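Trainee: got a predicted structure plus its sequence, pasted below:
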Amino acid sequence: PWKHAPGDPDAVSFAKSVVLQGGDTVQFRGGVRYRGSIKTSASGVADSPITFKGSGWGTGRAIIEGADAIVSAVPCPSSASCGGATNWQNLLLVTFNVPTKTAYIHFFDGLGLMYESLAPTLPDSFLYDDIDNYATIPLSQGPAANAGTITNSQLATAAQGSPYARVLIWVQGNQIEERQISSVSGSTVQFDSTDIKSYDDRDGKAAIIGSVKAVDTPGEFARIASNKAIVYPRPGGGAISIGSGRGGFDIAGKSYVTVT
């Protein structure tokens, strides 16, 4: 057994030197989380593919894991230490190593993907671009929105005190643009307006993603520092991990490669 599979850039020694050929099988151990990426370096042949197999050794199926363990997760000791969250007693303070292969921060538990908080709260967090449940921005505010300003007390309250919150704004082409917030004052939110073109014949729609105040449902989170976040744990969710940005298998233009 090797720690890294052939084709993994982190492989060393013999595993690094192996060049797979048609008929070769790379067997992953069932039940083990393999934290790595595999890029195939050769093709198999029609009646003898190169096979990556995840069952038949160990227990259950192998797991090609795109996430890493977090550093720690502890109950929030206070509102102040958890970004000012008002429901801090329900939350975990999570410390993590910032991924180097992706700019996105996403957490997972045993139940799957966790969701960055949204304000207004949506009926289904998976459908983060559900504009029917966004805040309405009157048509008269269209020019201001194009210049990077929205006036809405609900959105401003959600953005206030959330250093990693962003604006989600509905624009022409039926697209949702995500923009960094530059300032919040009173009921006004200012943001990067690059290429923002609101509709000029209907009301607009906007939301705040990553709001500390909006972490109010199990499975949600918000980042409060470069390497810290607050997470509302889900019952039965178990350990939390963070997406690494790693891919699993990159077939890389090769042929007759089987992954089971």
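Mentor: Looks like it arrived, so ask away.
Trainee: bridging residues for R223?
Mentor: A229 (DSSP bridges).
Trainee: no, scratch that, I was asking about I64
Mentor: Y34.
Trainee: how about it, what does it touch?
Mentor: Shown in contact with I64 (Cβ atoms under 8 Å, 6 or more residues apart in numbering): 28, 34, 36, 54, 248-249. For glycine as for every other residue, the C-beta is placed from the backbone atoms N, C-alpha and C.
Trainee: quick one: these as JSON lines, columns for neighbour count and pLDDT too.
Mentor: Listed next are these as JSON lines, based on neighbours: other Cβ atoms under 10 Å; pLDDT from 0 to 100:
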{"residue": "F28", "neighbour count": "20", "pLDDT": "95"}
{"residue": "Y34", "neighbour count": "18", "pLDDT": "92"}
{"residue": "G36", "neighbour count": "19", "pLDDT": "91"}
{"residue": "G54", "neighbour count": "21", "pLDDT": "95"}
{"residue": "G248", "neighbour count": "13", "pLDDT": "92"}
{"residue": "F249", "neighbour count": "15", "pLDDT": "94"}
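Trainee: can you tell me which of these are in strands?
Mentor: In strands, defined here by DSSP state E, the members of the contacts of I64 are 34, 249.
Trainee: between the contacts of I64, which sits nearest A239?
Mentor: Y34 (16.9 Å; Cβ to Cβ).
Trainee: separation between that closest one and F28?
Mentor: To F28, Y34 is 6 Å away according to Cβ to Cβ, to the nearest Å.
Trainee: buried set for the strand ranked longest in the chain?
Mentor: Of all segments of type strand in the chain, defined using DSSP E, the longest is strand 175-185. Judged by neighbour count using 16 or more other Cβ atoms under 10 Å, the buried positions of strand 175-185 are 176-177, 179, 181, 184.
Trainee: try stretch 204-223
Mentor: For stretch 204-223, by 16+ other Cβ under 10 Å, it's 204-216, 218-223.
Trainee: chain center to that stretch, what's the gap?
Mentor: 13 Å (Cα atoms, centre = their mean, to the nearest Å).
Trainee: before we move on, what about stretch 47-60?
Mentor: With Cα atoms, centre = their mean, you get 29 Å for stretch 47-60.
Trainee: lovely, talk soon.
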